[in-house]
Every structure is written in structure tokens, then in C-alpha cells.
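> Need a 3D model of the sequence below.
(chains A and B)
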There are 2 protein chains.
Amino acid sequence: MRLSLSGTKMAGLSGLRSIMEDVAASTAGASAGAWLNLSVGNPAPIPEVRDMWRAALTESMAEDFDEAGCRYGPSRGSHALVEAIADYFHRTYGWQLGPENIAVGPGSQMVCFAAAALFAGPGAHGERRIVLPMAPDYTGYQGLCLHDDGIAAIAPLIHREEGHRFRYALDIEALRRRADIGMMLISSPGNPTGRALGRADLDALTALATEREVPLFVDHAYGAPFPRIAQVHTEPVLHDSVVNCFSASKAGLPGERIGFAIGHPTYMAPLAAFMSNSVLHAPQLAQYALARVLTDGRLDATTRDVITPYYRAKKRYVDHLLHELMPADVDWRMHSGEGGMFCWLWVDHPWFEDTALYGRLKERHVFVVPGRHFFVDPPRTPGLAGHATRCFRLSLSADEKVITEGVHRLADVLREMRDAA
Amino acid sequence: MRLSLSGTKMAGLSGLRSIMEDVAASTAGASAGAWLNLSVGNPAPIPEVRDMWRAALTESMAEDFDEAGCRYGPSRGSHALVEAIADYFHRTYGWQLGPENIAVGPGSQMVCFAAAALFAGPGAHGERRIVLPMAPDYTGYQGLCLHDDGIAAIAPLIHREEGHRFRYALDIEALRRRADIGMMLISSPGNPTGRALGRADLDALTALATEREVPLFVDHAYGAPFPRIAQVHTEPVLHDSVVNCFSASKAGLPGERIGFAIGHPTYMAPLAAFMSNSVLHAPQLAQYALARVLTDGRLDATTRDVITPYYRAKKRYVDHLLHELMPADVDWRMHSGEGGMFCWLWVDHPWFEDTALYGRLKERHVFVVPGRHFFVDPPRTPGLAGHATRCFRLSLSADEKVITEGVHRLADVLREMRDAA
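Alright, predicted model coming up:
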């Protein structure tokens, strides 16, 4: 079999996906509780959230099915959802949107994949790249691009803070030195760190996007206006150079694949055409269900009353747990920021290595995610080679008992690694 | 805004999509019956079919939702569906399939899009193309490829038959002369013609695929084992060089986007990886619903008792209608074959042109689809320039009253075009 150049790239699985396959293979068929899985990217199974989506989908089954399931839909998104999005963002932020500002896709991963093919890659004036303004960021971004070496990330500035804290900051000067930007892409609040763009950073990125005539994609999967899983410093901004991406996944409906982008028609028209040519359109019943919960306020209420408090409490719980259990003489630090679906941890010792931790924890039936996968090619990113492999990610989605026992074993392994050094 | 080379290609809409937008814009907000739309690609709204899917989805909502909607699923397809597919094809054809032989996607269009990116395009040994062994074929195939000039089609042999009939045949010698095949792709039974591959043609294509070490994708969207909308001459064949694609769309669930491919792991592994990198996975509830109707026999029963007879009767009805109403002195011909979701018509006179017909019928509030769009670049395909523009497609999905009135107006317009010549 001979794959095309793009095929060779796309047939590969990123390092993280190999780990996810390892997790799936190890835990398949095991009895509940046999493994402590702190690697999961799934949102937590919160009953009130599940009930909201189940009710909305049931209503759509009863009332929208003839219009929805039994018919092909518009590639830009079903009329009901496009209208609901326009109304919702007008109510929430005062934005004036028409259908030409909106493009719905089967998940925001697919929206970003389309964007990567449209705005990055070989062009009339040479090769242009997806540039992530600040590593670490969502590992799935590395799978988006159809070309080898098609994505680059800027190393962050690293600030140690008081206690067991640290914080990444945007290195805008390093970003400005890149001449090959085809599009910028950043999650805010971010996976894995929970770091959220402040106004000054967002303004700087927007100004650069405008200057270079490229789109800045801001992925609000964890953010505002829903599901607000992490603290939001700056609400989304409507700007000709910014494409805002939203998703129903972390709001509790990952399995049904609904995401959408809002931006200038210059960027939305090619996105809608790409959907039309590739996937035709997003699944319809879930679009209708999302339209319902956007319109009648259920999604806002569930975000406010359930989702945000749930993860905030969980993060506090794990924060206390880490302070209680981690060996006192180890320099471990957690990325700052209240909320978030994950804890992003940094153990700054030469004896620590993320994949060694992964292997030792796996022996104890615990899964975490090694940090290196959240950076793009860390060995080639100046200043990050040593940092990336000293980080790892813990998920907050598991229940407290699982997390508690997992952190116990994590602390044991850290002591063991320290003593072996 | 600067698009990449792939972006420029993918941001474009094929000629057919422009027509579909014209249809949508013209009919939007119009009262029912104001337009006679014989252009639709939607399957007909058959109550028994709708009821089957509604029941299956409702069951999945009730019983599978926690497993399905609330969780990310495997990129290869949900375990329930992958297992149901393996069992179903074992029962139906005796195939021995494991998960490694199966890749589910959000619609078979997306499966084919992934295949096009994987197996065609620039490669280590030059540019390779998607080759359609026999034009005309599904227009959506032309939107699949990320590169200009990335798709080619072989002109068919055209056989006039008795009465108002004709038939296309595979020109295998012309196909063998192409040295640039990256993959072959053919719908069987085909859109728009309903022509189905016979055993000898399928064997010849399979042999060529094997010789060139490329996959032959056979798209059974209208065919066997479901929904059997057109006559099937040859049931699907399991072969290392053949990738068989199946879809729930024409079986009545186009809006929810479920398709899948069955083939050798050499081809399935890259397809599953591509899904993982681009769209993550297909929507889950619809996968579970499809698993249910595959497993409990409902889909087979509905195919046999409802879908196949419905379209067969419809095709006969329109066949009689055409013979009754079309002007007797016009050389009009319909492509042979019982069943099919469309009538594919050829008016072999110099005064006939497909887009002129489109325009004149639109003035009379009737939509049909011009034939040229089902050929890839007909002006450059030897022997087809004159044929392609003398064809058009009528859909059988509209109800009989609409079709009857539409064919009346069609006959009037043909007389008018003939008299004007």
C-alpha cells in the first residue's frame, strides 16, 4: 500500500493517542475499580448534566425528527441551531450575527481540522503553519494538520509562584518572530493547564492576526459562555480577525459531536464549504437539542448551577489532597488558576521523567498522561526540552475515591523515584 | 485572506452545490406546492422507515445514553456497532470480520474524504489520483479531493437499447491506460443512473486494484445488503483489494451521518487513524441505533418489505409517465435498470442542453439536475463533451402528484426547445 504524503501524516497516531490505546487495552474488560484512570479527557458524568441533555434529545426525537434525522441538513448548520446561536450570542454578548457569521461542524475538532486545511499548508506563497501561540496546549491540535512539520508552538515564559504554584505566560515577541503563520490556534481556558487568556494577551494576539491577515482561532471548549469549567478572565470578543470556537462536548455531550465557529464571513464561508465537501453536515438531532438548551436557558442554568461549581470543588479537593500527600521535599508545582478539568503538574528534579512516571504508575494500575505530548516536538523547542518531560496531567473527571487513591500511589511513586536517584 | 492550495480547492463549491443553493434559496419560505422539486437527493419520507429509525433511536436514548452521548467513543466505531457489523455480515454473507476490518465514520462521504486524502494526492512517487472507473457518478466525489485536478473519470461506453432505453458500460481498457491511480471509487448501484456492477466488471476492477496495489472503494449506499434501492446484480465481495462502503443515509437516516467501510486492515487502520485525527468519531447514539436494527433484523425486514418495493413501484410509475407524456418525436432515453432513486435521462438532439432545460424549468417552478455535473470535467473527457450536456436527473423522492405535474411541464419544455431549434 502506498499512502500519499498527507496520508502518511494522517495515518499516524500522536504519542498521546498511543497512550490512550494503551489505557483502553489495559482497562478493557477489567472490573470496575481495578484501574485508577486519571488520564481521561471525558467530562465527568454529572447526573444533572446528563439529565439535561437526555431531556433535550428526547424532545428533539419527539418534535424535530422528521425535519432532522430523516433529511440532509444545511452544511452551515441546521436553521434551528444557526438561529439559536445568533439569538443566544446577541442576548449574552450583544453580538449581531447572521448565518454568514456561523459554521457548525461535527465537533470543534472537525472545525479546526477544516481550518487547518484551509489556512495552513502549502500555498501560492510558500508553506504556512498552524502556530500555537503558547505551548502546552490540547494535543489533538497536532493531529489536525495534513502535512509533516505543519504545526509549530511557541514556548511559554515560565513563572514560579508562591507555594506549589507556577504559571505560563505568552511570549508575544517570540510569536512575532515567526514569518510562517497561516493561522493561530489557542484553547482558552486551556487544556491541560486551565490558563485563560487575559485581555492584554488577547488584544496582542488579535493585533498580530490582523497585521498578518490570518485568523486567530480561540477554542472556548472549556470556557465562556458555557461550560465555564475553568475560570474565565476575558469573555469572547467579536473581531474580524478572530474565529471563536465553541463545543457541546465539555458541556456534557462529547459523544454526539457538535461544535461551531463564529467569525467573519471571510473565514466562515470557506469553513462551511469545507464541511459541505467533506462531511456534508453535523448530525442533526444533536444540533436541534443544542438549539433547545441554548434558547430556553437550560444550558446557562446548568453551567452556572452545576458544571462550574462541580469542577471548582473538584479542583480544590485535589489541590488539598496534593498538598497533604505529596512528599514535602519534592519541588512539585501545579499550574495556577481556579477550576479546569485537569491538574497540570510540574516536578522540577533531574530524577523525574514523565514517561518513567507513566510506566511506574501503570504498574500500580494508575494512569496519568505524560506531559511531553502537550508540547509540539519539545526537543526542537528551545528552552522546553527539560521542562516538557517533567510535567504530567491529572484528570478531575474520576470520582473522589479514585482520585484520592490515585494520588496516594502517585506520592508513593514520587518518593520511590526520588530515592532511586 | 490567503487560503492554502488545498483551501482554495475545498472552499470552492462544485457546480452541483451551486444549483442546490439555487434550489434552497428559491424554495425557502415558499408555500408547499409552489415549487415542484425533482432535484432532491433526500430519500423519500416513507412512514414505515421513519418509524423504524425513530423507534431505534428512542431505544438508544433510553438504554444507551450513558454509554453513548455522554462519552467520547472509539474512532474506529463504537464497540456495539463494530460488533453488530461483524455479526451482521457474517450472518448475511458469511464474512469473517474483526474490528480491524471495520472503520465507522460520520457518513460514508467522510469515509471517502479520508480515503481520498490517504490514498490520492502528492506522494513519494508523484501525484496519484482518485479515478472513477465509470462516469457519470455521484457528484459529491468531486468535492472529496484536496487538490486541483486530483480526480479523473473514465468515459463509459454508451449502448443504445430498444425503446427509450440506453445503458453505460465499463471501458476497462481506457481505465487500464491510466498510470496515476491512487484509488478507485465507484457507486454500485450508482447515483445517478442506477447502473449496478456485474460480476465480470467487479472482477476486472478488483484485478486491476490488486495489480496496482491500490484500493477499490465500492460505495453501496443504494445497494446491498441494505437499502437495495436499485437492482443489485452482484452482492458485495470481500477481497483484500476492495473496500466496501455502506451508509445508513439512503436507508432513511441521512441527517444523523453514519457510514462505515469494511476491508483489509491495511486500508482500515489508516482510515480509523484519520477519523481519530480529524473528526474523533461518528456520533454515538445513531451508531447504537444502527447496531440495534442490524442485529434484530428490523433493517433487513424494512428493506425487503418497504424500501425496495417503494422505489421499484415509483420507478415504474415514472417510466410509464414518461412514455405517456414525452413528445413522441423526441429521442429521449432513460438509463436501464429497475429501481434506483433517480431517472437518468438523455435527450440526444443538438437543440437540447441541460442547463438551458434547468433554466426553462425553473421559470415554470420545476427543479431538475443538469447532467454535466455528474461527469468530471466533461469538456476534457474525450467523447463525452456532447453527451454530458444532453443528460439530466429526475429524483423519485417527491410524491406522485408532484412528479406527474413536473413531468407534464418537462414535456412542455422539451416541445418548446424542439420548436425553437
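> Please make it C-alpha for all contacts and neighbour counts, starting now.
Will do.
> A:Leu271 reaches B:Ala11, doesn't it?
Yes - because the distance of 7.1 Å satisfies CA atoms under 8 Å, A:Leu271 is recorded as touching B:Ala11.
> Identify the contacts common to the two.
Overlap between the neighbourhoods of A:Leu271 and B:Ala11 consists of A:Leu118, taking contacts as CA atoms under 8 Å, 6 or more residues apart in numbering or on different chains.
> Comparing the two, which shows the higher neighbour count?
Per other CA atoms under 10 Å in any protein chain shown, whichever of A:Leu271 and B:Ala11 has more neighbours is A:Leu271, with 29 against 24.
> which SSE is that one in?
When secondary structure is defined by DSSP states H and E, A:Leu271 falls within helix A:265-278.
> Run the chain-centre distance for the following helix or strand past that helix.
Sequence order places helix A:284-295 as the next helix or strand after helix A:265-278, per DSSP H and E. For helix A:284-295, the separation from the chain centroid amounts to 22 Å (computed by CA atoms, centre = their mean, to the nearest Å).
> Please enumerate residues in contact with helix A:284-295?
If you take CA under 8 Å, 6+ apart as the criterion, helix A:284-295 is touched by A:53, A:56-57, A:59-61, A:64-65, A:68-69, A:73, A:77-78, A:80-81, A:84-85, A:87-88, A:248, A:256-258, A:299-300, B:255-256.
> Spell out whether whichever helix or strand comes after it and chain B are in contact.
Towards the C-terminus, the helix or strand next in line after helix A:284-295, according to DSSP H and E, is helix A:298-302. No - on the criterion CA under 8 Å from any CA of the partner chain, helix A:298-302 is out of touch with chain B, staying 15.2 Å away.
> Stretch A:232-239 too?
No - taking CA under 8 Å from any CA as the criterion, stretch A:232-239 and chain B are apart, separated by no less than 14.6 Å.
> so where's the stretch 301-421 of chain A uncertain?
Along the stretch 301-421 of chain A, segments meeting pLDDT under 70 span A:378-382.
> Now for the residue of it found nearest chain B: which residues touch it?
Residue nearest to chain B within the stretch 301-421 of chain A (CA to the nearest CA): A:Ser397, separated by 11.6 Å. For A:Ser397, the set of contacting residues under the criterion of CA under 8 Å, 6+ apart consists of A:Leu38, A:Val40, A:Gly41, A:Asn42, A:Pro43, A:Ala44, A:Pro45, A:Met341.
> Report how many residues lie close to A:Val218.
Taking other CA under 10 Å as the criterion, the count of residues near A:Val218 is 22.
> Please look at it and A:Val243 and confirm they touch.
Yes - under the contact definition of CA under 8 Å, A:Val218 touches A:Val243, with a separation of 6.2 Å.
> From start to finish, how long is stretch A:205-219 in a straight line?
Here the two ends of stretch A:205-219 are set 14 Å apart, with distance taken as CA to CA, to the nearest Å.
> So which bits of that stretch are buried?
For stretch A:205-219, a neighbour-count test (16 or more other CA atoms under 10 Å in any protein chain shown) marks A:205-206, A:208-210, A:212-219 as buried.
> which of the residues you listed come close to chain B?
When the buried residues of stretch A:205-219 are checked against chain B using CA under 8 Å from any CA, the ones in range are A:Glu213, A:Val214.
> just the buried residues of stretch A:205-219 now: which is nearest B:Val104?
If you rank those by distance to B:Val104 using CA to CA, A:Asp219 comes first, at 26.5 Å.
> what bridges to the closest one?
For A:Asp219, the beta-bridge partners are A:Ser187, A:Cys245 (DSSP bridges).
> List the contacts of the helix with the most length in chain A.
Ranked by residue count and defined by DSSP state H, the top helix of chain A is helix A:400-420. Contacts made with helix A:400-420 from outside it, assessed by CA under 8 Å, 6+ apart, are listed as A:33, A:36-38, A:314, A:318, A:321-322, A:325-327, A:351-352, A:357, A:360-361, A:364, A:366, A:396.
> And the buried residues of stretch A:205-219, which two are furthest apart?
Spatial extent of the buried residues of stretch A:205-219 (CA to CA) is set by the pair A:Arg212 and A:Asp219 at 19.9 Å.
> And the longest helix of chain A, how far out from the chain middle?
Averaging C-alpha coordinates over helix A:400-420 and over its chain gives two centres that are 26 Å apart (CA atoms, centre = their mean).
> Name the residues of it that come out as buried.
For helix A:400-420, the buried set under the neighbour-count rule, 16+ other CA under 10 Å, comprises A:402-404, A:406-415, A:417-418.
> Ok, stretch A:235-255 next?
Result for stretch A:235-255 [16+ other CA under 10 Å]: buried residues A:236-238, A:240-255.
> Tell me what angle the worst-scoring helix or strand of chain A on mean pLDDT forms with helix B:265-278.
Of all helical and strand segments in chain A, the minimum by mean pLDDT, DSSP states H and E falls on helix A:15-27, at a mean of 78. Following axes from the mean of the first three to the mean of the last three CA atoms, to 10 degrees, one obtains 110 degrees for the angle between helix A:15-27 and helix B:265-278.
> quick one: helix A:15-27 to chain centroid distance?
Here the centre of helix A:15-27 is set off from its chain's centre by 18 Å, with CA atoms, centre = their mean.
> Just the CA atoms of it, as PDB, please.
Only the C-alpha atoms of helix A:15-27 are listed here, as PDB (Å, rounded to 0.1, in the frame of the first residue of the first chain):
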ATOM      1  CA  GLY A  15       2.100   9.900  21.100                       C
ATOM      2  CA  LEU A  16      -0.900  10.700  23.200                       C
ATOM      3  CA  ARG A  17      -3.200   8.500  21.100                       C
ATOM      4  CA  SER A  18      -0.900   5.600  21.600                       C
ATOM      5  CA  ILE A  19      -1.200   6.100  25.300                       C
ATOM      6  CA  MET A  20      -4.900   6.300  25.100                       C
ATOM      7  CA  GLU A  21      -4.900   3.000  23.200                       C
ATOM      8  CA  ASP A  22      -2.700   1.600  26.000                       C
ATOM      9  CA  VAL A  23      -5.200   2.800  28.600                       C
ATOM     10  CA  ALA A  24      -8.100   1.400  26.600                       C
ATOM     11  CA  ALA A  25      -6.400  -2.000  26.100                       C
ATOM     12  CA  SER A  26      -5.300  -2.300  29.700                       C
ATOM     13  CA  THR A  27      -8.700  -1.400  31.200                       C
END
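> So for it, what gets flagged as buried?
Going through helix A:15-27 with 16+ other CA under 10 Å, the ones that come out buried are A:Leu16, A:Arg17, A:Ile19, A:Met20, A:Val23, A:Thr27.
> what's next to it, contact-wise?
Residues contacting helix A:15-27 (CA under 8 Å, 6+ apart): A:Ala34, A:Trp35, A:Thr139, A:Phe367, A:Val369, A:His373.
> which residue does the stretch 101-250 of chain A bring closest to chain B?
The minimum distance from the stretch 101-250 of chain A to chain B, using CA to the nearest CA, falls at A:Leu118 (3.6 Å).
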